[in-house]
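Enquirer: My questions are about this predicted structure, shown below with the sequence.
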Number of protein chains: 2
Amino acid sequence: MTRPSESPACYQKLLRRAREIALANSAANALTWDLETYMPAKSLPYRAEQLAWLTGRAHRQFIARQVGEWISECEQQEFAPDSDEAGNVREWRRQYNRATKISGRLVEKLERVRTHARAAWQEARQQSKFALFKPHLDKVLALTRQMAEAWGYKESPYDALVEGYEPGATTAQLRQIFSELRPALATILAPAAARSAAISVDLLQGDYPVPAQQAFNRKVAEAIGFDFEAGRIDPTTHPFCSAVGPGDCRLTTRYDEKDFVSSLYSVLHEAGHGLYEQGLDPADFGTPNGTYVSLAIHESQSRLWENHVGRSPAFWAHWHPVACEHFPGLKKFSAEQISAAVNRVSPSFIRVDADQVTYDLHIILRFEIEVKLVEGTLKTADVPAYWNEQFEKMFGLAVPNDAAGCLQDTHWAIAAIGYFPTYTLGNLNAAQLMRRAMAENPGLDGQLAEGDYKPLLRWLREKIHRHGSRHTPQELIRLATGKPTGIGDHVEYLRAKFAS
Amino acid sequence: MTRPSESPACYQKLLRRAREIALANSAANALTWDLETYMPAKSLPYRAEQLAWLTGRAHRQFIARQVGEWISECEQQEFAPDSDEAGNVREWRRQYNRATKISGRLVEKLERVRTHARAAWQEARQQSKFALFKPHLDKVLALTRQMAEAWGYKESPYDALVEGYEPGATTAQLRQIFSELRPALATILAPAAARSAAISVDLLQGDYPVPAQQAFNRKVAEAIGFDFEAGRIDPTTHPFCSAVGPGDCRLTTRYDEKDFVSSLYSVLHEAGHGLYEQGLDPADFGTPNGTYVSLAIHESQSRLWENHVGRSPAFWAHWHPVACEHFPGLKKFSAEQISAAVNRVSPSFIRVDADQVTYDLHIILRFEIEVKLVEGTLKTADVPAYWNEQFEKMFGLAVPNDAAGCLQDTHWAIAAIGYFPTYTLGNLNAAQLMRRAMAENPGLDGQLAEGDYKPLLRWLREKIHRHGSRHTPQELIRLATGKPTGIGDHVEYLRAKFAS
């Protein structure tokens, strides 16, 4: 925790300002959670105004001239390089340089546009009609491109967007990673899919009442360490994790009464995010030291718990009896059968339900479309046709409708363009972290098999969570795993699991 | 709706300021609703900071010197006496004179204190331990008294508090009304209770699953006109209605699986409040013209729908078959039996479940305690003993524990001291309004018997809702019913219903 009283005045002023900004931003987060979960429909226009006001105000408070002066003054101080102060000041500087390129008015405008776009997307997805969403996507894209131009970039305007989610990453680097990853996945996919063809997933089609799913999901989330006194789970169209405040991290999921697996793995995914948020120091809330460092680190936590833990054979060996208590129909099947079914590799339409081998192909598709949209070489009107064409090329499947295609994800509706690549970076980081965790904790395998998740969580808290933004994401992953983010461990893990 | 473009600059500035203040206040309302419904426990300390920041900021925005200047300038304009402008300016002046006596710091302090007090009260009520709540009540009371002194008063500091809920009302007037009402109720209570002794309420003790209660309550609320696209119902410790924004009015209730009547009548009560809120012009949201005028008017709406509509024989004649669909166990009983049971007059512990005859006695008890607390002639430590002693004198019943006694209501925990008397004023207003509605709408009896609530709602919209704060509450009730608030119609109604 940062000790303001021992710090110089400029630093104390920045801390106070950051905390006031956090009050507005966290109130906006709470209102956004409400908008996604329980808000009555007719409240939307006013909610857009409330959010625009809160986020606009927070932005103006941050881009004020004095804030820049305080940061400059702090940069003159001789803070120890690994001190709390140095970490906060470095990150404040990066954020300030970026934020001051955008006016408060533009922030308000985008907030209004995306609040309406989100509602339109829900409706469009429900009706599976891209046309209902297109005018909103046009507005989101126009403002997003305007912001990218304002932020500036070296090669592609998409660089400026990626920087907002993964500081330091560039379009060229992502392209390089994806160009290595895609053929590697292809060599795994063929044998994995062939072997999976014999695995039945029918066993997972049954009668799974929502209350039973909720009870089981909660048990699992509690077991991995999610604190329900500081969080909750609610149903939404698209699963997400929202940090509403210190001691308040809210997960969401969606339920299919025929398929408990979908809600379970989305809860494991979102709870993985939640564990990261709950592992940050509440005393540092609102400052970089108390904030997650990047989305690729965040997604490494969600994908690690969802896949490396949740889709391991050990997971089902432990949870099978508990699952049978909640879903008596499961008793007919062994733990091995369930584990095989949730690991069946087969091209499919929905990213969040995708197997681990094809998952990154979903990301590559979105990355390519986003870059084209942002660079102006693809029109929004052509998105469904382009999506469907590319999807068929990559997955060999004809997309039946927009809801199962380009309307499935919420990201574009909430103006989160540039976010998708961080899922794949997250997969890569997760594999590196898990490998290192195993190497440093020889008993880990046995602990996970017994459903004892505390040692793994403790290791992640130590290596990742507690640091907040004290290191850059690249430094953090190098410190934790001994090397920069690369495809090696992820491909090796997938090959061992699915094609060996 | 107010047309800002045709108004002078001072008025336009006030409108803009009022709307910005409304953004902060409505965000605070949404966060408070969340705090009461779904917020995780560990979020409380930070939520208190968020609320203090929002309400403190809204207060400072209003008490600014320019606001006073704009109001003075507007007072120089020759607005037509019944114009939208005149109504807003009159009310802004009243609120400004009051608000400027209180510092932003004090508003923040009270908001923090009451947010923690509310949580402590919930815990204290659950454990039925007044001692857990006492230190919080002490803080609330100290700040409340400090504010009363700052506001100023002629006779009693309690006057200054009542003014916040019922502009124009005084402690002396309330004492006068209660001193007339109490003996009148006594003459009704004796024969009503004697007659009620023969009525069984056991029929209402049964097996009423929460989902069935929710479905039935929703049907009833929809039927009386509550718009669920602009509102919702959630479970809370204490039922309330919260206007979160234009198009967003949220009701809450609590469920007892043995007794569906309790949640039904609290939904009717809160939906009555909700109809008032939904009847205000959304275009005027955040200005006096778009805001309820007083609590005694608000409570007249809730008590009218709860009692004059909901506890009438016609109500059960219409709803009995629908209730039986939701609660098959009810088929054994006739509409008349149910109607008799929900109208059984018998002294009991819980105000919100009280019959119509003893209800006002609960209010009188609270009024007397509040006045003593605020005037300093009763110590908080003595509240439970004093409550129990007075309760036994008034109701002839020994209070079994604090949860059924002085801890039952949330009002003191949320620093709403001075609010209780408005329930009785609401009862008086409701009786006057209902009598007038009957006189002006000869077909109303028949419409209500058929479950056609539109004509009554239309009349209330016309006479009460649409006016916002354009008239003082006293003027409004005189305009609507032809006379000032008095006990006559209420007593006559109760006598006709229960003792004739």
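Expert: Cool, got the structure.
Enquirer: what domains does the record give for chain A?
Expert: Using automatic domain parsing, the domains assigned to chain A come out as A:4-100, A:171-498.
Enquirer: following the helix or strand A:Met147 falls within, which helix or strand comes up?
Expert: Using DSSP states H and E, A:Met147 maps to helix A:130-151. On the C-terminal side of helix A:130-151, the closest following helix or strand by DSSP H and E is helix A:157-165.
Enquirer: tell me what that next one is packed against?
Expert: helix A:130-151, helix A:171-196, helix A:359-375, helix A:421-440 (3 or more Cβ pairs under 8 Å, 6 or more residues apart in numbering or on different chains; DSSP states H and E). For glycine as for every other residue, the C-beta is placed from the backbone atoms N, C-alpha and C.
Enquirer: and the shortest one, what does it pack onto?
Expert: Taking 3+ Cβ pairs under 8 Å, 6+ apart as contact, the helices and strands that helix A:359-375 lies on are helix A:130-151, helix A:157-165, helix A:171-196, helix A:383-395, helix A:421-440.
Enquirer: Can you give the contact residues for it?
Expert: Outside helix A:359-375, the residues that touch it by Cβ atoms under 8 Å, 6 or more residues apart in numbering or on different chains are A:141, A:144-145, A:148, A:156-158, A:161, A:171, A:174, A:178, A:181-182, A:185, A:347, A:351, A:354, A:378, A:380, A:383, A:386-387, A:390-391, A:394-395, A:406, A:409, A:411, A:417-418, A:420-421, A:423-424, A:427.
Enquirer: Buried ones in that helix, by neighbour count?
Expert: A:359-374 (16 or more other Cβ atoms under 10 Å in any protein chain shown).
Enquirer: And for the first one?
Expert: Neighbour-count burial for helix A:130-151, counted by 16+ other Cβ under 10 Å, picks out A:130, A:132-134, A:136-137, A:139-141, A:143-145, A:147-148, A:151.
Enquirer: Now the host helix or strand of A:Arg218: buried residues?
Expert: Per DSSP H and E, A:Arg218 falls inside helix A:210-224. Using 16+ other Cβ under 10 Å as the test for burial, helix A:210-224 gives A:Ala212, A:Gln213, A:Gln214, A:Phe216, A:Asn217, A:Arg218, A:Val220, A:Ala221, A:Ala223, A:Ile224.
Enquirer: which is the next helix or strand following the helix or strand that contains A:Cys249?
Expert: Secondary structure from DSSP H and E places A:Cys249 in strand A:248-253. Beyond strand A:248-253 on the C-terminal side, the first helix or strand identified by DSSP H and E is helix A:260-279.
Enquirer: list the helices and strands that following helix packs on?
Expert: helix A:210-224, strand A:231-235, strand A:241-245, strand A:248-253, helix A:295-303, helix A:335-342, helix A:454-463.
Enquirer: Distance to B:Arg57 and mean pLDDT for these - can I get that in TSV?
Expert: Formatted as TSV, the helices and strands packed on helix A:260-279 follow (distance: least, Cβ to Cβ, whole Å; pLDDT from 0 to 100):
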stretch	distance to B:Arg57	mean pLDDT
helix A:210-224	36	98
strand A:231-235	28	97
strand A:241-245	17	96
strand A:248-253	21	98
helix A:295-303	31	98
helix A:335-342	49	94
helix A:454-463	36	98
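Enquirer: how about the residues of chain A that lie near chain B?
Expert: Counting by Cβ under 8 Å from any Cβ of the partner chain, the residues of chain A close to chain B are A:20, A:23-24, A:26-27, A:30-31, A:34, A:38-47, A:49-50, A:53-54, A:227-232, A:234, A:244-248, A:250, A:285.
Enquirer: Now the buried members of the residues you listed.
Expert: Listed as buried from those are A:20, A:23-24, A:26-27, A:30-31, A:34, A:38-40, A:42-44, A:46-47, A:49-50, A:53-54, A:230-232, A:244-248, A:250, A:285; burial here means 16+ other Cβ under 10 Å.
Enquirer: Which ones among the residues you listed lie within helices?
Expert: Within these, residues falling in helices by DSSP state H are A:20, A:23-24, A:26-27, A:30-31, A:34, A:44, A:46-47, A:49-50, A:53-54.
Enquirer: show me where pLDDT drops low in chain A?
Expert: Along chain A, segments meeting pLDDT under 70 span A:1-5.
Enquirer: switch the cut-off to 80
Expert: Low-confidence segments of chain A (pLDDT under 80): A:1-6, A:201-204.
Enquirer: Mind listing what's buried along stretch A:254-262?
Expert: Buried residues in stretch A:254-262 (16+ other Cβ under 10 Å): A:Tyr255, A:Asp259, A:Phe260, A:Val261, A:Ser262.
Enquirer: Among those residues, which one sits closest to A:Glu492?
Expert: Taking Cβ to Cβ as the measure, A:Glu492 sits nearest to A:Val261 out of the buried residues of stretch A:254-262, at 25.8 Å.
Enquirer: contacting residues around that closest one?
Expert: Neighbouring residues of A:Val261 by Cβ under 8 Å, 6+ apart: A:Leu204, A:Ala341, A:Val342.
Enquirer: For chain B, see how far away A:Ala124 is.
Expert: A:Ala124 is 19 Å from chain B, where distance means Cβ to the nearest Cβ, to the nearest Å.
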